[in-house]
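In: Need the 3D shape of this:
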Amino acid sequence: MPARGHHSLQPFLDNPGLLEAVSDPVYIVDRELRIVAHNRALLPLSRATGPELLARPRAREVLVLDRWAEEELRSRAAPSDRAVELREVSGSDREGNPVSLVSRALPLFDGSGAPAGALVHLRDLTAEARMHAKYEGLLRGEREEKERAQSLSRELEGTVRELRAAQGELVKMEKLATLGNVVAGIAHELNNPLTVILGYADLAMATVEDEAMRRDLGRIHGAASRAQRVVQELLLFTRKRTPAPVPTRINALVERTLDEQEQLLAGYGLELVRDLEPDLPATALDPFQMQQVLVNLVKNAADAVDGQPRRRVAVRTRRSPGVGLRVEVEDSGCGIPEDALERVFEPFYTTKPPGKGTGLGLPICRRILEDHGGRIWAERRPGGGTLFVLELPLREAPEPVGRPEEAGVLAGHRVLVVEDEADIRELMVRYLKEWGCAAHAVPGVAAALSALDSSAFDALIVDVALPDGSGHDLYRRLERERPEAARRVVFITGRVADEQVVRSLEATGRPVHFKPFAVEAVQGTLLGMLRPRPADEERSVLVVDDDAEVRSLLVRMLGGVPELGCEVRAVASGAEALRALGERPYGVVLADIRMPDMGGLDLLGRVRSRHPSVAVVLMTQFHDPFLALEAPRRGAAGYLAKPVDPAELVRVLGGLLGPR
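Out: As a prediction, this is how the structure comes out:
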């Protein structure tokens, strides 16, 4: 191991991407002054391209510096046990333009502590040098030079800190990636049975009259729904999540959570105190996510008092002046050490014995609270034990998305289901028949093509993973041979964690529903696809974006595509969009995800509630895997990443508007 305070060469060799965190030219040489790693910022100062840089035997053969600078480079890059101080060198870039650089070399050591090379940091001061030439007389003097050197030294120290921090983040992300791969495999196996459990529980609750049986079915449905959301939370742990808020009374949520955990808590032999302030107002929150927080905190509290002489867990709710609502979970355990009160919210940190905790529960809780605009923290109690405090703001929820009331529109339509799991095929056929559709189900690509040869279908529900190919392959073949059928495809998939699959599905422009999906969402998609529309609605698009330039660009893009042949109107806010929809019908709403008055997901909920047949396509500034998953769950017909690709825009809207 390198001595304390020495920097090791190996982490930079193992993770060359660390150097890209530095905007200045940075490279590493070994004891023979051969470049072994560098960042892209070094290329303009080299005589060679990236691969050639590493192939040349000496740094001075590829860096464009004058002879004196080369000697300086040799001396400051030579391995030693101390850092070489800052010094200015001059030379020329690849085009021969004079450049002025400041360099400093930091020695690196191998595993045994022996010198192994150096990290060389170059700071381009060319522009400053030109300015200094004009004001040379004003900038001379020992004081100014010393201050400049000190400033650069601080910057270099900051660079080293950034590298160390980047290395730590990389290690953390590697751990998360490993966990994500494991969870992704588990999720893929769980999503199909969860879809079956949720679907058949829904069907049974709709037909069973015995109240006790209905309650049992409701518990089954609730447990499966929580399992579904927990898997999603693990899969998307490192990504920003947007809750699905509904008006919720926190006391009712706490009571339900504690009732469901009653049998588990009874096994601890603890005293459970419920101290809930009456008549607390409702607030908009995601009950699944918040119940996950409460379950995690209550279980942690039960673990903390296990084996203690006094086993007491108290759950309190209060108004929080100036904030909204406050929830407290307190235990009488031995308490969390003072220096660990903040660390318990770090991923993979746990105070529990090995095998008792993953170190992910509390970080997920903090993420959920932050996504709700709230916060969570821990305190030590004077007499022992720990208090966890949650604060939540009072907010109004967007209008809920109800089950479409125009389900009769689906009656008589023929729908082909392509799914290899028999239980899901049967489930979808039962729902489709309940909606009045003529449903036919097949297990794979070949059977689907055979069915299409013998019959015409108004819509196709296609799974992505099939035994004799993929749903994506089937779609591409339909695009070539049966374009009208391709425009009627709705994808379903359990590959929720596979970003490549998500992107490939997005590229088709077709609706996607991720297992376990809400059947109401699939029904809404079919309704929007199959409902007859008046001529003035059929080919009209409403663009909603608060950026005037983006609105203008989208209007020009849509208006310049003859094959779409659509009428386009643009508005600047969600409120304007709702007014426009009240004035006349539109076939498609193309909405930005972030707007000052109303987010795209909020607008989606209101449109789906008031105008269930209108297709809504959401846009965001970057590829957001969560939005790609959440948008279809909320009833969106599609999702586009900005800057919008014109071909993708035409593909998505063309599929929704249909042939001209």
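
In: for stretch 600-618, how far is the first residue from the last?
Out: Taking CA to CA, to the nearest Å, stretch 600-618 runs 7 Å from one end to the other.

In: Same question for that stretch: list its buried residues.
Out: Within stretch 600-618, the residues that qualify as buried are 600-608, 611-618, counting by 16 or more other CB atoms under 10 Å. Yep, even glycine has a C-beta here, placed from its N, CA and C like the rest.

In: Please report the residue range of the longest strand in the chain.
Out: What stands out as the longest strand in the chain, according to DSSP state E, is strand 98-109.

In: Distance from the chain centre to whichever helix or strand comes after it, please.
Out: Next helix or strand after strand 98-109 toward the C-terminus (DSSP states H and E): strand 115-124. Centroid displacement of strand 115-124 relative to its chain, using CA atoms, centre = their mean, to the nearest Å, is 36 Å.

In: Stretch 580-597 too?
Out: 25 Å.

In: which stretches of the stretch 501-650 of the chain have low pLDDT?
Out: 503, 506, 516, 518, 531-538, 560-564, 621-633, 643 (pLDDT under 70).

In: Show me the strands in it, by range?
Out: 512-514, 540-544, 567-571, 588-592, 615-620, 638-641 (DSSP state E, counting those that start in this stretch).

In: list the helices and strands the second one packs on?
Out: Strand 540-544 is packed against helix 548-559, strand 567-571, helix 574-583, strand 588-592, with contacts defined by 3 or more CB pairs under 8 Å, 6 or more residues apart in numbering; DSSP states H and E.

In: The last one pairs with which strands, parallel or anti?
Out: Going back to what we said before, that points to strand 588-592. strand 540-544 (parallel), strand 615-620 (parallel) (DSSP bridges).

In: That strand versus helix 574-583: what angle between them?
Out: Calculated by axes from the mean of the first three to the mean of the last three CA atoms, to 10 degrees, strand 588-592 forms an angle of 170 degrees with helix 574-583.

In: what's strand 588-592 in contact with?
Out: 540-547, 550, 554, 566, 574, 577, 581, 600, 603-604, 607, 614-620, 637, 640, 653, 656-657 (CB atoms under 8 Å, 6 or more residues apart in numbering).

In: what do you get if the cut-off is 6 Å, keeping everything else the same?
Out: Identification of contacts with strand 588-592 by CB atoms under 6 Å, 6 or more residues apart in numbering yields 541-545, 600, 603, 607, 614-619, 656.

In: same thing with the third one?
Out: Contact partners of helix 574-583, identified using CB under 6 Å, 6+ apart, comprise Leu542, Val544, Val571, Met595, Asp597, Met598, Leu603, His611.

In: how about a cut-off of 7 Å?
Out: Contacting residues not belonging to helix 574-583 are listed as 542, 544, 569, 571, 589, 591, 595, 597-598, 602-603, 606-607, 611, 614 [CB atoms under 7 Å, 6 or more residues apart in numbering].

In: Now compare the residues you listed and name the two farthest from each other.
Out: The largest separation in the contacts of helix 574-583, counting by CB to CB, is between Arg569 and Asp602 at 20.4 Å.

In: Can you add distance to Arg130 and give the strands of the stretch 501-650 of the chain back as TSV?
Out: Formatted as TSV, those follow (distance: least, CB to CB, whole Å):
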stretch	distance to Arg130
strand 512-514	55
strand 540-544	47
strand 567-571	47
strand 588-592	43
strand 615-620	42
strand 638-641	41
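
In: For Ile424, find the nearest of those strands.
Out: Ile424 lies closest to strand 512-514 among the strands of the stretch 501-650 of the chain, at 11.7 Å (CB to CB).

In: Can you tell me the strand partners of the closest one and which way each runs?
Out: Each strand that pairs with strand 512-514, with its direction, by DSSP bridges: strand 489-493 (parallel).

In: Send me the strand it pairs with as PDB with only the CA atoms.
Out: Provided in PDB are the C-alpha atoms of strand 489-493 (Å, rounded to 0.1, in the frame of the first residue of the first chain):
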ATOM      1  CA  VAL A 489     -49.500  -2.100 -31.800                       C
ATOM      2  CA  VAL A 490     -49.500  -1.700 -28.100                       C
ATOM      3  CA  PHE A 491     -46.400  -3.100 -26.300                       C
ATOM      4  CA  ILE A 492     -46.300  -4.800 -22.900                       C
ATOM      5  CA  THR A 493     -43.100  -5.900 -21.200                       C
END
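
In: quick one: contacts of that strand?
Out: By CB under 7 Å, 6+ apart, strand 489-493 touches 459-465, 471, 475, 478, 501, 505, 510-515, 517, 522, 525.

In: Which of the helices or strands spans the closest residue to Arg482 other than its chain neighbours?
Out: The shortest distance from Arg482 to any non-neighbouring residue, by CB to CB, 6 or more residues apart in numbering, is to Leu452 (6.6 Å). Assigned by DSSP H and E, Leu452 belongs to helix 445-454.

In: Centre of the chain to that helix, how far?
Out: That offset, for helix 445-454, works out to 37 Å (CA atoms, centre = their mean).

In: What are the buried residues along it?
Out: By 16+ other CB under 10 Å, the buried positions in helix 445-454 come out as Val445, Ala447, Ala448, Leu449, Ala451, Leu452.

In: Please apply the same query to stretch 300-316.
Out: Of the residues in stretch 300-316, those buried (16+ other CB under 10 Å) are 300-305, 308, 311-316.

In: do stretch 251-265 as well
Out: Asn251, Leu253, Val254, Thr257, Leu258, Glu260, Gln261, Leu265.

In: need the contact list for the residue nearest to Gly638 when sequence neighbours are not counted.
Out: For Gly638, ignoring the flanking residues on the chain, the nearest one in space by CB to CB, 6+ apart is Val617 at 4.2 Å. Shown in contact with Val617 (CB under 7 Å, 6+ apart): Val588, Leu590, Ala636, Ala637, Gly638, Tyr639, Leu640, Val652.

In: out of these, who's nearest Glu342?
Out: Of all the contacts of Val617, Tyr639 has the smallest distance to Glu342: 36.5 Å, by CB to CB.

In: mind checking how far the closest one is from Val650?
Out: For Tyr639, the distance to Val650 (CB to CB, to the nearest Å) stands at 15 Å.

In: Glu277 now?
Out: From Glu277 across to Val650, the span is 56 Å (CB to CB).

In: Tell me which of those two has more neighbours.
Out: Taking other CB atoms under 10 Å, Glu277 and Val650 do not tie; Val650 has more neighbours (17 against 13).

In: Mean neighbour count added to the helices and strands packed on strand 540-544, as JSON lines?
Out: Formatted as JSON lines, the helices and strands packed on strand 540-544 follow (neighbours: other CB atoms under 10 Å):
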{"stretch": "helix 548-559", "mean neighbour count": "15"}
{"stretch": "strand 567-571", "mean neighbour count": "18"}
{"stretch": "helix 574-583", "mean neighbour count": "16"}
{"stretch": "strand 588-592", "mean neighbour count": "26"}
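
In: Out of the ones you listed, which is closest to Met529?
Out: Once the helices and strands packed on strand 540-544 are compared by CB to CB, strand 588-592 is nearest, at 11.8 Å.

In: quick check: angle from that closest one to helix 548-559?
Out: Calculated by the same axes, to 10 degrees, strand 588-592 forms an angle of 150 degrees with helix 548-559.

In: what's the angle from strand 588-592 to strand 567-571?
Out: Using the same axes, to 10 degrees: strand 588-592 against strand 567-571 is 30 degrees.

In: Now intersect the buried residues of stretch 600-618 with the helices, please.
Out: Gly600, Leu601, Asp602, Leu603, Leu604, Gly605, Arg606, Val607, Arg608 (DSSP state H).
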